[in-house]
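S.K.: Pasting a predicted model and its sequence here:
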Amino acid sequence: MARYIGPKSRIARRFKEAIYGPDRSFEKKNYPPGQHGQSKRRRKTSEYGIQLNEKQKAKYTYGILEKQFKNTFLKASSKSGVTGVILLQLIEARLDNVVFRLGISPTRDGARQLVAHRHITVNGKVVNVPSYEVNKGDVVAVRERSKSLEVIVNSLTGRPHRFSWLEWDDASMSGKFINYPERDEIPENIKEQLIVELYSK
(Lines give C-alpha, C1' and ligand atoms only; values in the text may rest on other atoms or scores of the structure.)
Protein backbone atom coordinates (compact mmCIF):
# COMPACT_ATOMS: atom_id res chain seq x y z
CA MET A 1 0.00 0.00 0.00
CA ALA A 2 1.58 3.30 -1.11
CA ARG A 3 2.07 5.76 1.72
CA TYR A 4 4.32 8.73 2.34
CA ILE A 5 7.30 7.47 4.34
CA GLY A 6 9.63 10.44 3.95
CA PRO A 7 10.70 13.00 6.59
CA LYS A 8 7.62 14.29 8.38
CA SER A 9 9.23 17.41 9.78
CA ARG A 10 9.85 18.58 6.22
CA ILE A 11 6.15 18.21 5.40
CA ALA A 12 5.17 20.05 8.59
CA ARG A 13 7.54 22.88 7.66
CA ARG A 14 6.03 23.02 4.19
CA PHE A 15 2.60 23.74 5.66
CA LYS A 16 4.02 25.83 8.54
CA GLU A 17 2.08 23.68 10.96
CA ALA A 18 2.92 20.65 13.13
CA ILE A 19 0.38 18.41 11.39
CA TYR A 20 1.96 15.23 12.78
CA GLY A 21 1.92 16.38 16.38
CA PRO A 22 4.71 17.71 18.65
CA ASP A 23 7.93 17.97 16.66
CA ARG A 24 11.20 19.41 18.02
CA SER A 25 12.71 19.71 14.56
CA PHE A 26 9.72 21.72 13.35
CA GLU A 27 9.91 24.00 16.38
CA LYS A 28 13.58 24.72 15.66
CA LYS A 29 13.00 25.32 11.94
CA ASN A 30 9.42 26.55 11.58
CA TYR A 31 10.01 27.97 8.11
CA PRO A 32 9.60 26.33 4.68
CA PRO A 33 12.20 23.71 3.72
CA GLY A 34 14.71 24.38 0.97
CA GLN A 35 18.36 25.07 0.30
CA HIS A 36 18.17 28.76 1.16
CA GLY A 37 15.93 28.44 4.21
CA GLN A 38 14.47 31.69 5.49
CA SER A 39 16.51 33.88 3.14
CA LYS A 40 14.75 32.70 -0.01
CA ARG A 41 12.28 35.23 -1.37
CA ARG A 42 9.06 33.48 -2.31
CA ARG A 43 6.50 34.60 -4.81
CA LYS A 44 2.97 35.32 -3.75
CA THR A 45 0.91 32.11 -3.94
CA SER A 46 -1.96 32.10 -6.43
CA GLU A 47 -5.55 31.33 -5.47
CA TYR A 48 -5.20 27.90 -7.05
CA GLY A 49 -1.95 27.34 -5.15
CA ILE A 50 -3.62 28.18 -1.84
CA GLN A 51 -6.48 25.76 -2.55
CA LEU A 52 -4.10 23.00 -3.66
CA ASN A 53 -1.96 23.54 -0.58
CA GLU A 54 -5.00 23.11 1.69
CA LYS A 55 -5.96 19.86 -0.03
CA GLN A 56 -2.41 18.54 0.27
CA LYS A 57 -2.33 19.47 3.95
CA ALA A 58 -5.56 17.53 4.56
CA LYS A 59 -4.22 14.50 2.67
CA TYR A 60 -0.96 14.45 4.62
CA THR A 61 -2.72 15.07 7.94
CA TYR A 62 -5.04 12.09 7.54
CA GLY A 63 -2.63 9.95 5.49
CA ILE A 64 -4.91 9.55 2.48
CA LEU A 65 -3.82 9.21 -1.15
CA GLU A 66 -5.30 11.30 -3.96
CA LYS A 67 -7.67 8.66 -5.39
CA GLN A 68 -9.23 7.85 -2.01
CA PHE A 69 -9.42 11.51 -1.11
CA LYS A 70 -11.22 12.43 -4.33
CA ASN A 71 -13.61 9.50 -4.01
CA THR A 72 -14.44 10.66 -0.48
CA PHE A 73 -15.06 14.17 -1.80
CA LEU A 74 -17.39 12.84 -4.53
CA LYS A 75 -19.31 10.89 -1.89
CA ALA A 76 -19.54 14.01 0.31
CA SER A 77 -20.75 16.17 -2.60
CA SER A 78 -23.56 13.69 -3.33
CA LYS A 79 -25.00 14.13 0.16
CA SER A 80 -27.23 17.00 1.29
CA GLY A 81 -25.54 19.53 3.53
CA VAL A 82 -22.29 21.48 3.58
CA THR A 83 -19.92 19.49 1.36
CA GLY A 84 -16.72 20.55 3.13
CA VAL A 85 -18.01 19.58 6.56
CA ILE A 86 -19.38 16.27 5.29
CA LEU A 87 -15.99 15.57 3.69
CA LEU A 88 -14.23 15.95 7.04
CA GLN A 89 -16.92 13.90 8.81
CA LEU A 90 -16.46 11.02 6.35
CA ILE A 91 -12.69 11.16 6.81
CA GLU A 92 -13.11 11.20 10.60
CA ALA A 93 -15.25 8.06 10.26
CA ARG A 94 -12.43 6.08 8.62
CA LEU A 95 -11.47 3.12 10.82
CA ASP A 96 -7.80 4.11 11.08
CA ASN A 97 -8.78 7.61 12.21
CA VAL A 98 -11.32 6.29 14.75
CA VAL A 99 -8.64 3.98 16.21
CA PHE A 100 -6.34 7.02 16.50
CA ARG A 101 -9.04 9.22 18.07
CA LEU A 102 -9.92 6.52 20.61
CA GLY A 103 -6.29 6.53 21.73
CA ILE A 104 -5.57 2.91 20.78
CA SER A 105 -2.62 4.26 18.81
CA PRO A 106 -0.73 7.54 19.38
CA THR A 107 -0.48 8.23 15.63
CA ARG A 108 -2.60 7.70 12.53
CA ASP A 109 0.22 5.73 10.90
CA GLY A 110 0.30 3.44 13.90
CA ALA A 111 -3.49 3.10 13.85
CA ARG A 112 -3.37 2.15 10.16
CA GLN A 113 -0.81 -0.53 10.93
CA LEU A 114 -2.87 -1.96 13.80
CA VAL A 115 -5.88 -2.24 11.51
CA ALA A 116 -3.89 -3.78 8.65
CA HIS A 117 -2.33 -6.33 11.02
CA ARG A 118 -5.78 -7.47 12.19
CA HIS A 119 -5.63 -6.18 15.77
CA ILE A 120 -8.94 -4.27 15.51
CA THR A 121 -12.56 -5.42 15.37
CA VAL A 122 -15.75 -3.64 14.38
CA ASN A 123 -18.91 -5.02 15.99
CA GLY A 124 -17.00 -8.15 16.97
CA LYS A 125 -15.57 -8.90 13.52
CA VAL A 126 -11.95 -8.36 12.50
CA VAL A 127 -11.59 -5.59 9.90
CA ASN A 128 -8.18 -5.04 8.28
CA VAL A 129 -9.12 -2.23 5.88
CA PRO A 130 -7.95 1.17 7.22
CA SER A 131 -10.38 3.09 5.00
CA TYR A 132 -13.41 1.12 6.28
CA GLU A 133 -16.20 3.56 7.10
CA VAL A 134 -17.45 3.32 10.66
CA ASN A 135 -21.17 4.04 11.08
CA LYS A 136 -23.20 5.44 13.97
CA GLY A 137 -23.49 2.89 16.74
CA ASP A 138 -20.56 0.75 15.58
CA VAL A 139 -18.27 -0.59 18.31
CA VAL A 140 -14.55 -0.50 17.54
CA ALA A 141 -12.45 -2.67 19.83
CA VAL A 142 -9.02 -4.17 20.35
CA ARG A 143 -9.01 -7.83 19.37
CA GLU A 144 -8.93 -10.11 22.43
CA ARG A 145 -5.52 -11.60 21.70
CA SER A 146 -4.05 -8.14 21.05
CA LYS A 147 -5.07 -6.46 24.32
CA SER A 148 -1.70 -7.10 25.93
CA LEU A 149 0.32 -5.54 23.09
CA GLU A 150 2.75 -3.05 24.63
CA VAL A 151 2.15 -0.40 21.96
CA ILE A 152 -1.61 -0.45 22.63
CA VAL A 153 -1.33 -0.56 26.43
CA ASN A 154 1.15 2.34 26.44
CA SER A 155 -0.99 4.40 24.10
CA LEU A 156 -4.13 3.92 26.18
CA THR A 157 -2.23 4.72 29.38
CA GLY A 158 -1.16 8.08 28.02
CA ARG A 159 -4.46 8.80 26.28
CA PRO A 160 -4.74 12.61 26.57
CA HIS A 161 -7.85 13.52 24.62
CA ARG A 162 -11.50 12.59 24.78
CA PHE A 163 -13.85 13.31 21.93
CA SER A 164 -17.55 13.93 22.33
CA TRP A 165 -18.56 11.79 19.36
CA LEU A 166 -16.76 8.73 20.75
CA GLU A 167 -17.46 6.69 23.87
CA TRP A 168 -14.65 4.61 25.40
CA ASP A 169 -14.84 1.65 27.80
CA ASP A 170 -11.52 0.89 29.50
CA ALA A 171 -12.63 -2.49 30.82
CA SER A 172 -13.44 -3.96 27.40
CA MET A 173 -10.93 -1.85 25.46
CA SER A 174 -13.68 -0.80 23.09
CA GLY A 175 -15.17 2.43 21.84
CA LYS A 176 -18.50 3.36 20.33
CA PHE A 177 -18.89 5.72 17.39
CA ILE A 178 -21.85 7.72 18.67
CA ASN A 179 -22.29 10.10 15.75
CA TYR A 180 -20.44 12.15 13.16
CA PRO A 181 -18.60 15.09 14.76
CA GLU A 182 -19.70 18.68 14.26
CA ARG A 183 -17.16 20.87 12.48
CA ASP A 184 -16.19 22.77 15.62
CA GLU A 185 -15.44 19.46 17.36
CA ILE A 186 -12.79 18.46 14.81
CA PRO A 187 -9.47 19.92 16.04
CA GLU A 188 -7.58 19.86 12.72
CA ASN A 189 -6.84 23.29 11.25
CA ILE A 190 -8.16 22.63 7.75
CA LYS A 191 -10.03 25.17 5.62
CA GLU A 192 -12.33 22.67 3.95
CA GLN A 193 -14.08 25.30 1.81
CA LEU A 194 -10.85 25.83 -0.13
CA ILE A 195 -10.80 22.11 -0.95
CA VAL A 196 -14.40 22.28 -2.19
CA GLU A 197 -13.52 25.26 -4.39
CA LEU A 198 -10.51 23.39 -5.81
CA TYR A 199 -12.51 20.31 -6.81
CA SER A 200 -15.32 22.48 -8.14
CA LYS A 201 -13.15 24.11 -10.79
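M.R.: Great, that's in hand.
S.K.: what's the residue sitting nearest the centre point of the chain in contact with, if anything?
M.R.: Nearest residue to the geometric centre of the chain (Cα atoms, centre = their mean): residue 62, 2.9 Å. Shown in contact with residue 62 (Cβ atoms under 8 Å, 6 or more residues apart in numbering): 91, 94, 97, 108. Glycine gets a C-beta too; all of them are placed from N, C-alpha and C.
S.K.: Narrow those residues to those in helices?
M.R.: 91, 97, 108 (DSSP state H).
S.K.: Name the nearest residue to residue 135, ignoring sequence neighbours.
M.R.: Closest residue to residue 135 apart from its sequence neighbours, by Cβ to Cβ, 6 or more residues apart in numbering: residue 177 at 7.0 Å.
S.K.: For that neighbour, grab phi and psi.
M.R.: Dihedral pair for residue 177: phi -90, psi 100, per degrees, to the nearest 10.
S.K.: low-scoring stretches of this protein, by residue?
M.R.: Of all residues in the chain, those with pLDDT under 70 make up the ranges 1-43, 160.
S.K.: ranges for the helices of the protein?
M.R.: Applying DSSP H to the chain gives helices spanning 8-15, 24-28, 47-62, 66-77, 83-92, 95-102, 108-116, 150-157, 192-199.
S.K.: Contacts for stretch 129-136, please.
M.R.: 64, 68, 90, 93-96, 98, 111-112, 115-116, 122, 140, 177-180.
S.K.: So this protein: which segments form each domain?
M.R.: Under the assignment automatic domain parsing, the domains of the chain span 1-42, 44-88+188-201, 94-179.
S.K.: how far does the last one sit from the chain's center?
M.R.: Going by Cα atoms, centre = their mean, to the nearest Å, the spacing between the C-alpha centre of domain 94-179 and its chain's C-alpha centre is 13 Å.
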